[in-house]
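Participant: Got a sequence here, can you model it:
(one chain, ligands or ions: 1)
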Amino acid sequence: MASLTIRKLDEAIKAALRVRAAQHGRSVEDEVRGILREAAAAPVALGPANISSGHNSSGKTEAESQVTLIIGGGIAAYKSLDLIRRLKERGFVVRCVLTNAAQQFVTPLAASALANTRAYTGLFDPASEFDVGHIRLARDCDLIVVAPATADLMAKMAGGHADDLATAILLATDRPVLLAPAMNPLMWSNAATRRNVAQLVRDGVTLVGPDAGEMAEAGESGVGRMAEPVEIAEAVLGMLRPAGPRPLAGRRVLITAGPTHEPIDPVRYIANRSSGKQGFAIAAAARAAGAEVVLVSGPVGLPDPPGVAVKRVESAREMLAAVEAALPADVAIFAAAVADWRVASEGDQKIKKAAGALPRLELVENPDILATVARLADARPPLVIGFAAETEHLIDHARAKLARKRCDWIVANDVSPAGGVMGGDRNTVHVIRKDGDEVRVDSWPAMAKDEVATALVARIAEAVHARQGT
Ligand SMILES: Cc1cc2nc3c(=O)[nH]c(=O)nc-3n(C[C@H](O)[C@H](O)[C@H](O)COP(=O)(O)O)c2cc1C
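Facilitator: So this is what the prediction gives:
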């Protein structure tokens, strides 16, 4: 009998197993044992009909699905070579198109060797255009990925240009398009790029990233890094997977995310290290589950999740006002790291440094958004969930918070610097729930934040339906 090592499984399978395990509140090993037990108990009929088809939305198996990967002329083009591998690992056939500028960064030879298919570069190439090859590349695929999507390429797309192979394909396609923008933060925040991105989103393209972080240029950082190849490949999978169940269809979900900035004077503020990633991931998962989602976010460098109404605020008081304006909701999830205090009187002018005299900052408490909403008489959402970020006595503090705030669930996470949760991509959470007079603690394994989000939304959907007996 062959032995099975979970560690050696494909990353995508491991991720799916972690989510299933968390949903069932058991370890990954127990989940695998359960799956094997069920499989062994099922009647076996040998033959092709018994083989799972793995069909995607286009009716093909992933192994048959084609992705046209357009590589733009940015420094992140080298990561697109890794993206080819990641897409192939997931069973896609990849055909690459390199713009002229892209060929300054990577070669068609490298792209075609990794993809095991021919790489395309020219619109007026007799070898591929004898049968109007750009139309084939635009249509004989299930999805087009542009990575890196440079500022220039997006400007051309927004303007409907078709003066090279990449833009001609993008204009001639009726397939879904996924852009992975990558550029210097100033290019990304430039008004022209903002206009072009807004236009492209209106035109129906999907964006993955850009992420915040260090740039290739020495000493530069900010929003503009291309999403990691694995993230892009997962986004491709998500777009081609058949639409899943929509257990939150018809429900309104309110989520807060990110830190708050509490002004000291016009240039200084009190803040914390929250990145907003977990709250944004929950918003995206709730949307994928069919909910109408309102996301109230403090200052973060994350793009709006597609299909989510995002209200950006700065301070705790603005966040409370935006939350109150967004009610009523069926579920409210307070994942924001709201500053506990603000300065009593914010300076109108920049506080000047004076020799030998330190300014005294008097602090006052900020409104408690979770407790305020959980105590509302009429507009209290039926399910109110708070987050507890602790650096010690995690479960005890979270249990106390559940009672004190009068919410229904607390999602507790350990934010000690050693764990790398704040700003990182992974999280280990404990879901603490009131169950009648009992308090139940479900401890989930460490997972990517979007996996935590998917598992949490699945639990929320179960709870919403259980309350209504549906
Ligand atoms: C070293 C170098 C790095 C560059 N990196 C980027 C980048 O990351 N993002 C971007 O939008 N443009 C970048 N550019 C500018 C693009 O190469 C230029 O706008 C080009 O016309 C884009 O071509 P495309 O439309 O084929 O992508 C870079 C240019 C150089 C010389």
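
Participant: who in the stretch 51-200 of the chain is up against the ligand?
Facilitator: The stretch 51-200 of the chain has residues 72-76, 99, 101-102, 148, 150-153, 182-183, 187 near the ligand, with proximity defined as Cβ under 6 Å from any ligand atom. (Each C-beta comes from the backbone N, C-alpha and C, glycine too.)

Participant: Check which helix or strand the closest residue to residue 259 other than its chain neighbours maps to.
Facilitator: Distances taken as Cβ to Cβ, 6 or more residues apart in numbering place residue 274 nearest to residue 259, at 4.1 Å, with adjacent residues excluded. Using DSSP states H and E, residue 274 falls within no helix or strand.

Participant: residues contacting residue 274?
Facilitator: Taking Cβ atoms under 8 Å, 6 or more residues apart in numbering, we find residue 274 in contact with 257-259, 298, 300, 336-337, 389, 422.

Participant: Equivalent analysis for residue 323, please.
Facilitator: 254, 256, 296, 332, 369, 373.

Participant: Next SSE downstream of whichever strand or helix holds it?
Facilitator: For residue 323, the element it lies in under DSSP H and E is helix 316-326. Under the assignment DSSP H and E, the closest C-terminal helix or strand after helix 316-326 is strand 331-334.

Participant: which residues touch the next helix or strand after that following strand?
Facilitator: Going down the chain from strand 331-334, the next helix or strand is strand 341-343, by DSSP H and E. Residues outside strand 341-343 that contact it (Cβ under 8 Å, 6+ apart): 262-264, 270, 315-317, 361-366.

Participant: and strand 341-343, what's its mean pLDDT?
Facilitator: Mean pLDDT, strand 341-343: 97.

Participant: let's number from 13 now, not from 1
Facilitator: With the count now opening at 13, the last piece we talked about shows up as strand 353-355.

Participant: Partner strands of that strand and their direction?
Facilitator: Using DSSP bridges, strand 353-355 pairs in its sheet with strand 375-377 (antiparallel).

Participant: Please tell me how far the partner strand is from the chain's geometric centre.
Facilitator: 34 Å (Cα atoms, centre = their mean, to the nearest Å).

Participant: Next up, the contacts around the residue most central in space within the chain.
Facilitator: Nearest residue to the geometric centre of the chain (Cα atoms, centre = their mean): residue 293, 4.6 Å. Counting by Cβ under 8 Å, 6+ apart, residue 293 touches 461-462, 464-465.

Participant: do you know how far it is from residue 348?
Facilitator: Remark: distance between residue 293 and residue 348 (Cβ to Cβ, to the nearest Å) = 14 Å.

Participant: same thing with residue 204?
Facilitator: Distance from residue 204 to residue 348, by Cβ to Cβ: 31 Å.

Participant: Run through the strands of the stretch 213-362 of the chain in chain order.
Facilitator: Along the stretch 213-362 of the chain, counting by DSSP state E, counting those that start in this stretch, strands occupy 218-219, 223-226, 233-237, 264-269, 274-275, 281-282, 304-309, 321-324, 343-346, 353-355.

Participant: Mind putting these into JSON lines with distance to residue 421 and mean neighbour count?
Facilitator: Listed next are these as JSON lines, based on distance: least, Cβ to Cβ, whole Å; neighbours: other Cβ atoms under 10 Å:
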{"stretch": "strand 218-219", "distance to residue 421": "31", "mean neighbour count": "20"}
{"stretch": "strand 223-226", "distance to residue 421": "29", "mean neighbour count": "15"}
{"stretch": "strand 233-237", "distance to residue 421": "32", "mean neighbour count": "20"}
{"stretch": "strand 264-269", "distance to residue 421": "14", "mean neighbour count": "28"}
{"stretch": "strand 274-275", "distance to residue 421": "27", "mean neighbour count": "20"}
{"stretch": "strand 281-282", "distance to residue 421": "28", "mean neighbour count": "19"}
{"stretch": "strand 304-309", "distance to residue 421": "18", "mean neighbour count": "25"}
{"stretch": "strand 321-324", "distance to residue 421": "23", "mean neighbour count": "15"}
{"stretch": "strand 343-346", "distance to residue 421": "9", "mean neighbour count": "28"}
{"stretch": "strand 353-355", "distance to residue 421": "26", "mean neighbour count": "18"}
